[in-house]
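> Whatever this is, show me its structure:
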Amino acid sequence: AATIQAARAAGLERVPLRGAWSITVPGAIASWGDAHKRFGRLAWADLLAPAIELAESFPASPAWVGAVESGARAYGVDSDWAQAFRSLGRAWRLGEVVRLPALAKTLGRIAAEGPEEAYTGGVGRSSAAYLEAQGSPIRGSDLAEHHSDWVEPIRTEYRGVTATSHPPNSCGPIALELLNVLALEPAPARESFTAQGVTDADWVHRGLEAARLTLADRDAFLTDALAMAPDGLAILLSRERAQELAGRIDPDRVTAPPASPLPRGGGTIYLATADRWGGCVSLIESNYAGFGSGLVDPATGIGFQNRGAFFTLDPSHANALAPGKRTMHTLTPGMLFRDGRPWVVHGSMGGEIQPQVYAQFVSALVDGELDIAAALAAPRWAADVEEHYGAPVISVLESRYARAVADELEVRGHRLRWAEPFDSGLGHAHAIELVRGPDGGIESFGAATDPRSEGQPLAW
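Residues are numbered from 1 along each chain as shown. Sure thing, here's the model as predicted:
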């Protein structure tokens, strides 16, 4: 069992960023099956067919080449991971055909047998045996007992728009808490939203400081919903909490945030869908750090995530490791509503950057009155750390940001780090807008993807 005592007995001082102890029970495939049972119209096998085709062959893109070489440095060139994803023993060339035959076969089995195959079938048995051999506390019974939970989204109001996200164990509360803090101040002037970022330095300073404070709340309080205090979520989303955090912000000086007990970074995807009937999906899935744990079952081609790296071995901490417990994670899918109807479906990848991208995107739409494409492309700021388990003392600005804003921030004590234009480290966000007519019906859709990513909008 994944207990603190067992981790200590294995010689761990903290849950590692990679390896067997960083893995939690995989839930994605079960969630696909549950969503399909409730809402699906197409055959289950048809849904997996494109994924199988991709696993059989796809051309190496710039992002793939870079990610694999980064993975080679992290996981080693002689690992099971390298055998699966760097099978030629060298870097992929752009356009070279990548083949993942074991994964394609596994997806075919799941398509034929259903999602249960990954948990109680042959694929699940292979996963359990491989993980046990690697020293993981996960067993076949853990896979068999896994289940999805249907939960209610959480929400807050931001200047007449209802912003929603996912409740704990996700970081949805932190995105909404950040909006609550920002909403206590007048909105920046619409004309301050420019191609050089928001030119109101007071607003950018407040956003960075609010991000640091809300990240500290994330680190202190977020975990499995069943392990949180009964009123914990209500407190995080309350106006009183927002006022308390806002009161800690010095308009003239940066504050010193506490160190984090958690690692940083992320390796996440985001996708959004919407249909003519108003059915919308905002979906984030994540390996966490790059390719995750670095463990890949050679028999199935399945690579295992490392979301468990967010657990702590401090028994007094909210996110302390425990059997059957879901760890806090950074995923922050979003939807915005106007007049009780879906307006914008949106979200981002980017680890602890996600709530910050969420807040900046909403402010750009609501305060700046930008369209979704301009809001996604706008220069970003972020409170960030220098290293794992550090304090978010760095203020990151895209180099497209106005120099005058940077000068103002430096005067207030911000430690600036310039990011490249459209730096992928500042999130890959995507959005769909449901454009409504006078009667409230859907007249058309707008869709945009982040220029920091390789994403594309599709319509059919």
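
> Pull the number of nearby residues for residue 274.
Counted with other Cβ atoms under 10 Å, the burial measure for residue 274 works out to 20 neighbours. Just so you know, the C-beta spots here come from the backbone N, C-alpha and C atoms, and that holds for glycine as well.

> Residue 94 now?
One way to gauge burial is a neighbour count; for residue 94, by other Cβ under 10 Å, it gives 10.

> Now it, what are its backbone angles?
phi -60, psi 130 (degrees, to the nearest 10).

> and it, what does it touch?
Contacts here follow Cβ atoms under 8 Å, 6 or more residues apart in numbering; on that basis residue 94 touches 59-62, 65.

> which among those gets closest to residue 169?
Set against residue 169, the nearest of the contacts of residue 94 by Cβ to Cβ is residue 61 (31.6 Å).

> separation between the nearest residue to that closest one once chain neighbours are set aside and residue 228?
Spatial nearest neighbour of residue 61, excluding adjacent residues (Cβ to Cβ, 6 or more residues apart in numbering): residue 454 at 6.0 Å. Taking Cβ to Cβ, to the nearest Å as the criterion, residue 454 is separated from residue 228 by 36 Å.

> Looking at those two, which one has more neighbours?
Using other Cβ under 10 Å as the criterion, residue 454 and residue 228 rank with residue 228 on top: 21 against 12.

> Dihedrals phi and psi, the nearest residue to that one once chain neighbours are set aside?
Spatial nearest neighbour of residue 228, excluding adjacent residues (Cβ to Cβ, 6+ apart): residue 168 at 5.8 Å. Per-residue torsions, residue 168: phi -60, psi 140 (degrees, to the nearest 10).

> do residue 366 as well
Its backbone dihedrals place residue 366 at phi -90, psi -50, with angles given as degrees, to the nearest 10.

> That one contacts residue 163, correct?
No. In this structure, residue 366 sits apart from residue 163 without contact. The criterion is Cβ atoms under 8 Å, and the distance is 9.1 Å.

> returning to that earlier point: test my guess that the residue nearest to residue 228 contacts residue 224.
Yes. Applying Cβ under 8 Å as the test, residue 168 and residue 224 come out as touching, 7.0 Å apart.

> Would you map the helices across the stretch 151-300 of the chain?
Shown for the stretch 151-300 of the chain, the helices assigned by DSSP state H, counting those that start in this stretch span residues 172-183, 201-221, 232-236, 239-247.

> do you know which of those helices lies nearest residue 421?
So among these, helix 201-221 is nearest, using Cβ to Cβ, at 17.4 Å.

> Go through that closest one and flag the buried ones.
Under the neighbour-count criterion of 16 or more other Cβ atoms under 10 Å, helix 201-221 has 201-219, 221 buried.

> can you give me how far it is from the chain middle?
18 Å (Cα atoms, centre = their mean, to the nearest Å).

> Show me what it is packed against.
Applying 3 or more Cβ pairs under 8 Å, 6 or more residues apart in numbering; DSSP states H and E, we find helix 201-221 packed against helix 172-183, helix 232-236, helix 239-247, helix 354-366, strand 381-384, helix 403-411.

> Let me know the secondary structure of residue 368.
Put simply, residue 368 is coil when judged by DSSP: H, G, I helix; E, B strand; the rest coil.

> Start the count at 889 instead of 1 going forward.
Renumbered: residue one is now 889, and that last one reads residue 1256.

> domains of the protein?
904-1037, 1042-1150+1216-1337 (automatic domain parsing).

> which of those sits most buried?
For the domains of the chain, ranked by mean neighbour count under the definition mean count of other Cβ atoms under 10 Å, the leader is domain 1042-1150+1216-1337 at a mean of 19.

> by contact count, what packs against the helix or strand bottoming out on mean pLDDT in the chain?
Across the helices and strands of the chain, the lowest-confidence element by mean pLDDT, DSSP states H and E is strand 1155-1162, at a mean of 89. Packing contacts for strand 1155-1162, counted by 3+ Cβ pairs under 8 Å, 6+ apart, involve strand 1168-1176, strand 1229-1237, strand 1316-1324.

> residue ranges with poor pLDDT in the stretch 1139-1288 of the chain?
1149-1155 (pLDDT under 70).

> just to revisit the earlier point, pull up the overlap in contacts between residue 1056 and residue 1112.
Taking Cβ under 8 Å, 6+ apart as the contact criterion, the common neighbours of residue 1056 and residue 1112 are residue 1216.

> returning to that earlier point: between the contacts of residue 982, which is closest to residue 988?
Relative to residue 988, the closest of those is residue 948; by Cβ to Cβ it sits at 12.0 Å.

> All the helices of the stretch 889-1038 of the chain, in order from the start?
With DSSP H, counting those that start in this stretch as the criterion, the stretch 889-1038 of the chain has helices spanning 892-897, 916-927, 932-944, 950-963, 968-973, 989-1001, 1010-1021, 1028-1033.

> neighbouring contacts of the first one?
Contacts of helix 892-897 with the rest of the structure, by Cβ under 8 Å, 6+ apart, involve 903, 909, 1025, 1201, 1203, 1208-1210.

> 10 Å instead, please
Counting by Cβ atoms under 10 Å, 6 or more residues apart in numbering, helix 892-897 makes contact with 891, 900-904, 909, 1025, 1199-1203, 1208-1211, all of which sit outside it.

> Which members of those are positioned in strands?
Mapping these onto strands (DSSP state E) picks out no residues; all lie outside.
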